[in-house]
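Undergrad: Okay, sequence plus prediction incoming.
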Amino acid sequence: MSVVLRNAQRSVPLRRAPLRRAVCALRAALGASRFDVALVCAGNALMQRLNGAYRQRPEPTDVLSFPFHQVAAGELPRPRCRDEYNLGDIFLGVEYIHQQCRDAGEDFADVLVVTAAHGLCHLLGYRHDTKPAWEQV
């Protein structure tokens, strides 16, 4: 299936092909290559609106995940029809991540892939509300 990537921000130059390839590889490593995933690269304004609406935290953030299925950590969804081969949507706060990388002296492209992996883990049911859950992620 596919990884659809949309760049919905203009603040940070972004190389989409390497990010898409990395997410495809991550999806395959997690055994989920049969499932579609949507990635939206967003600026601070959109991330702030989404974070406020869905998490009651009206501030930009690095990643928000919206799973299509509710599954236990590490389980793959069990689609009943072709239209359900979808893991969900990942919104990457590209502008936020870029600023964090500049402040910390980290490589933006590398951190973007790690953050996408974090979002993908959320689509597969992993959470980090507690210390044991964080360690599992």
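TA: Received the coordinates, thanks.
Undergrad: Do a quick rundown of the strands in this protein.
TA: Using DSSP state E, the strands of the chain run over 3-7, 36-42, 63-67, 86-93.
Undergrad: Give me the contacts around the last one.
TA: Applying CB atoms under 8 Å, 6 or more residues apart in numbering, the external contacts of strand 86-93 come out as 27, 32, 35-44, 46-47, 50, 60-69, 77, 112, 115-116, 119-120, 122-124. For glycine as for every other residue, the C-beta is placed from the backbone atoms N, C-alpha and C.
Undergrad: hang on, residue 97 packs against residue 108?
TA: Yes: between residue 97 and residue 108 a contact is recorded at 6.9 Å, counting by CB atoms under 8 Å.
Undergrad: Looking at the two, which is more packed in?
TA: More crowded of residue 97 and residue 108, by other CB atoms under 10 Å: residue 97, with 24 against 18.
Undergrad: Quick check: the gap between residue 116 and residue 48.
TA: From residue 116 across to residue 48, the span is 20 Å (CB to CB, to the nearest Å).
Undergrad: Name the residue in these two with the higher neighbour count.
TA: residue 116 (25 against 18).
Undergrad: what's near enough to touch the more buried one?
TA: By CB under 8 Å, 6+ apart, residue 116 lies in contact with 19, 22-23, 26, 39, 63, 90, 92.
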